[in-house]
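Undergrad: Sequence first, then the predicted structure, then my questions.
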Amino acid sequence: MFRIIDLVEIDLVQGLEKKVFRLELFEDTEKPNIFRARLWEIQLLPVSPDRSLRFNGPFMTVDKSLIEKSILLPTRFTSPFASTNQQTAFDEVVAGFHVLMAATNQLG
């Protein structure tokens, strides 16, 4: 069994486009210093096709739905992996995220 030990959201902006990613780090509850990670791209999509604004009290809102799209990190992180401690595991996963984003041309 794994428990979540860290969760961060990362905003990447390229020109006018903004992408939001959620990075989760889990630790094995029975084996010390064993971890795995999961990466999600978070998107808010309009629910209504006309994207019309609606009044909600004093605010104008657009009805949107949250979509979380799983993105594969390098296999080293999705399978259980060993690291010396939580901070080192987190640093390794963040470095893997940066490598992935650079390889897919999503970093500026």
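TA: Arrived safely.
Undergrad: Every contact and neighbour count from this point should use C-alpha atoms.
TA: Fine.
Undergrad: buried ones in the longest helix seen in the chain?
TA: Counting residues, the longest helix found in the chain (DSSP state H) is helix 86-103. Buried residues in helix 86-103, counting neighbours by 16 or more other C-alpha atoms under 10 Å, are found at 86, 89, 90, 93, 94, 96, 97, 100.
Undergrad: One more: stretch 30-49?
TA: 33, 34, 35, 36, 37, 38, 39, 40, 41, 42, 43.
Undergrad: Let's see which of those residues end up in strands.
TA: Among the buried residues of stretch 30-49, DSSP state E puts 34, 35, 36, 37, 38, 39, 40, 41, 42, 43 in strands.
Undergrad: which residue packs closest to the fourth one, ignoring adjacent ones?
TA: In space, not counting the residues next to it along the chain, residue 37 is nearest to residue 25; the distance is 4.5 Å by C-alpha to C-alpha, 6 or more residues apart in numbering.
Undergrad: Residue 34 versus that neighbour, what's the distance?
TA: 11 Å (C-alpha to C-alpha, to the nearest Å).
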